[in-house]
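> Fold the following, please.
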Amino acid sequence: SSGINAEYGDAWDPKQVCTGEVKPPPEPTCEDGIKNNGEQMVDCGGPNCEACYEEPTEPIDDRIYSKLDFTQKDWIDGNINLRAVVTIKKEASDWRYTMFFTKPVDIRSHWGCKVITVNEFQTIWTFGPMPWTKKVKPGQKINLGFNGKFEPDGEAPQTVTKSFVEYKPDE
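Here you go, the predicted structure:
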């Protein structure tokens, strides 16, 4: 067929020729690379897919903590509150705490730490210690807190990765 319909085709597949027959899009799956199907993040979480892997990414041998308790509260108006209580297991003279979000978060206030770096998209934030929390010892608890804003588009950011590691500057 020719004309305007053949030129545009169906929206979900622009290469599909319009024959007057409407083909539904493929069923969502947990392997389609799209956040659909009630998923918490792309292809994981929610009622139909396996849970999202949210453990810190550093190798277990590099961890200077025995426990990382993390809580996130977010509201429909775009406000977010994050807290981390880190129980130290290995002595360290300096540390870095990194959070990686699925969408931009503008962290406007924080306590127990200071901003070291943030990427241009505001999705990866790295914090370091205040002078009084720089040296850590086994059994010590470090309390970190963060308040921020995100785009209130109906979807809250997920904290995909949390990492707390010893910081050793290049020698």
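> buried stuff in stretch 75-91?
By neighbour count with 16 or more other Cβ atoms under 10 Å, stretch 75-91 contains the buried residues 78, 80, 82, 84-86, 88-89. Using the backbone N, CA and C atoms, a C-beta is placed for each residue, glycine as well.
> how about the helices of this structure, start to end?
4-8 (DSSP state H).
> Low-confidence regions, it specifically.
Within the chain, the ranges that satisfy pLDDT under 70 run 1-17, 40-41, 51-61, 171.
> out of the buried residues of stretch 75-91, who's nearest residue 68?
residue 86 (5.4 Å; Cβ to Cβ).
> still on that earlier bit, mark which of the buried residues of stretch 75-91 are part of strands, please.
80, 82, 84-86, 88 (DSSP state E).
> re the thing from before, okay, the buried residues of stretch 75-91 in JSON lines with distance to residue 38 next?
Listed next are the buried residues of stretch 75-91 as JSON lines, based on distance: Cβ to Cβ, whole Å:
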{"residue": "78", "distance to residue 38": "22"}
{"residue": "80", "distance to residue 38": "22"}
{"residue": "82", "distance to residue 38": "24"}
{"residue": "84", "distance to residue 38": "28"}
{"residue": "85", "distance to residue 38": "30"}
{"residue": "86", "distance to residue 38": "32"}
{"residue": "88", "distance to residue 38": "38"}
{"residue": "89", "distance to residue 38": "37"}
